[in-house]
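Participant: Next comes the sequence, and after it the predicted model I'd like to discuss.
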Amino acid sequence: MHPKSLVSINDFTKEEYLKILDMAEEFERQPTQKILDGFVVATLFFEPSTRTRLSFESAVSRLGGKVIGFTDAASSSTQKGETLKDTILTVSNYCDLIVMRHPIEGAARFASEVASVPIINAGDGANQHPTQCLLDLYSIRKTQGRLENLDIAFVGDLKYGRTVHSNVIALTHFNCRYHLVSPEELKLPSAVKRYIKENNLTYYQYTDLCDVIPLADIIYMTRIQRERFSDPIEYEKVKNSYILSAEMLGKAKANARVLHPLPRVNEITEDVDSMPQAYYFEQALNGVYVRQALLAYLLGLKQ
Ligand code: CP
């Protein structure tokens, strides 16, 4: 296993989160720095993506590196029956770092155990999405001026939402209060709640989104993910559980910001986009700076 991979948000310490956020601020001030000249980054996406893949590719390009990879397992030799292990062993020979998204939980950990180059987990099933988490922390700090002592509402699919899982774990370092809004069927898993309890932090559970709007500093909306349900009837029951509108935000705090990892389906109406609380497209832009910082850090180009 390569010593510098990012598979789970637990792989980094609080000091490392803050180091990445500080480095990302530098990249935001000066996004074009040719520190990856001569480096090749592979993006292996076994699941669809717009933001994660393209922001990584943008980050590599702005740093002067080259990108290879595939956007669909069907266009790779996986289609012919090649194992993930053989794919990773092969691609490790062609690049300096691999960014991988895979539908199976644990696939990124497995890849990191066989690769000779760093692996960045760009999402593994319903498990974790640590790079999204870091850009979310960046967005929270940028909009609130701090990460500590905030009221954070997570809304929607808390069961399968990998961004929520990573964020809940990371925020245990910052003494936040958690407001968990979901249908009964999509509550935050006990294994993730355990992190909150072990850190003696407080969480509250709700089924009504309106209950948290007046008290939240961050309203983190998520999509109910059709692709994670084994039974389409179960998806149909919960798919429209939460729809945030501009009118509902009338009761929000002045400093409140709405985040969403995106893509959205219908959980934020378009009239929210012009509200001062809307921050999800800026959040996606922050992904470029944070991913530049991660690449520089994991490749040992900045400490
Ligand atoms: N936030 C996120 O992971 O978006 P994509 O699925 O478009 O990469």
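Facilitator: Great, that's in hand. Residues are numbered from 1 along each chain as shown.

Participant: Which parts of the protein are strands?
Facilitator: 40-45, 66-70, 97-102, 119-124, 151-155, 177-181, 203-206, 218-221, 257-259 (DSSP state E).

Participant: Among the ones you listed, which comes closest to Tyr242?
Facilitator: The stretch from these with the least distance to Tyr242 (CB to CB) is strand 151-155; that distance is 5.4 Å. For glycine as for every other residue, the C-beta is placed from the backbone atoms N, C-alpha and C.

Participant: helices or strands up against that closest one?
Facilitator: When contacts are defined as 3 or more CB pairs under 8 Å, 6 or more residues apart in numbering; DSSP states H and E, strand 151-155 packs onto helix 162-170, strand 177-181, strand 218-221.

Participant: Make TSV from these and add mean neighbour count to it.
Facilitator: Shown next, in TSV, are the helices and strands packed on strand 151-155 (neighbours: other CB atoms under 10 Å):
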stretch	mean neighbour count
helix 162-170	25
strand 177-181	23
strand 218-221	26
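
Participant: Dump those into JSON lines; add mean pLDDT and distance to the ligand as well.
Facilitator: Formatted as JSON lines, the helices and strands packed on strand 151-155 follow (pLDDT from 0 to 100; distance: least, CB to the nearest ligand atom, whole Å):
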{"stretch": "helix 162-170", "mean pLDDT": "97", "distance to the ligand": "7"}
{"stretch": "strand 177-181", "mean pLDDT": "98", "distance to the ligand": "19"}
{"stretch": "strand 218-221", "mean pLDDT": "98", "distance to the ligand": "12"}
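
Participant: wait, which of these is closest to Glu198?
Facilitator: Closest among those, using CB to CB: helix 162-170, at 10.4 Å.

Participant: which residues sit against that closest one?
Facilitator: By CB atoms under 8 Å, 6 or more residues apart in numbering, the residues outside helix 162-170 that reach it are 8-10, 17, 123-130, 132-134, 136-137, 152, 154, 157-158, 178, 188-189, 192, 195-196, 220, 222, 261.

Participant: looking at the strands of the chain, which is closest to Ala59?
Facilitator: Nearest to Ala59, of the strands of the chain and by CB to CB, is strand 40-45 at 8.7 Å.

Participant: Which neighbouring elements make contact with that closest one?
Facilitator: For strand 40-45, the packing partners by 3+ CB pairs under 8 Å, 6+ apart come out as helix 51-62, strand 66-70, helix 84-92, strand 97-102.

Participant: switch the cut-off to 6 Å
Facilitator: Where contact means 3 or more CB pairs under 6 Å, 6 or more residues apart in numbering; DSSP states H and E, strand 40-45 is packed against helix 51-62, strand 66-70, strand 97-102.

Participant: hmm, back to that, quick one, which of the helices and strands packed on strand 151-155 is nearest to Leu299?
Facilitator: Nearest of these (CB to CB): helix 162-170, 21.7 Å.

Participant: Would you mind finding the most buried of the helices and strands packed on strand 40-45?
Facilitator: Neighbour counts (mean count of other CB atoms under 10 Å) averaged over each of the helices and strands packed on strand 40-45 peak at strand 97-102, with a mean of 26.

Participant: so how far is that strand from its chain's centroid?
Facilitator: Remark: strand 97-102 is offset 14 Å from the chain centroid, using CA atoms, centre = their mean, to the nearest Å.

Participant: so what's Tyr94 up against?
Facilitator: Listed by CB atoms under 6 Å, 6 or more residues apart in numbering, Tyr94 has no contact partners.

Participant: Val114: neighbour count?
Facilitator: The tally of other residues near Val114 (other CB atoms under 10 Å) stands at 17.

Participant: Which residue is the nearest non-sequential neighbour of whatever residue of the stretch 51-200 of the chain ends up closest to the ligand?
Facilitator: Per CB to the nearest ligand atom, Thr52 is where the stretch 51-200 of the chain lies closest to the ligand, at 3.3 Å. Counting by CB to CB, 6 or more residues apart in numbering, Thr52 lies nearest to Ala122, which is 4.8 Å off, once chain neighbours are set aside.
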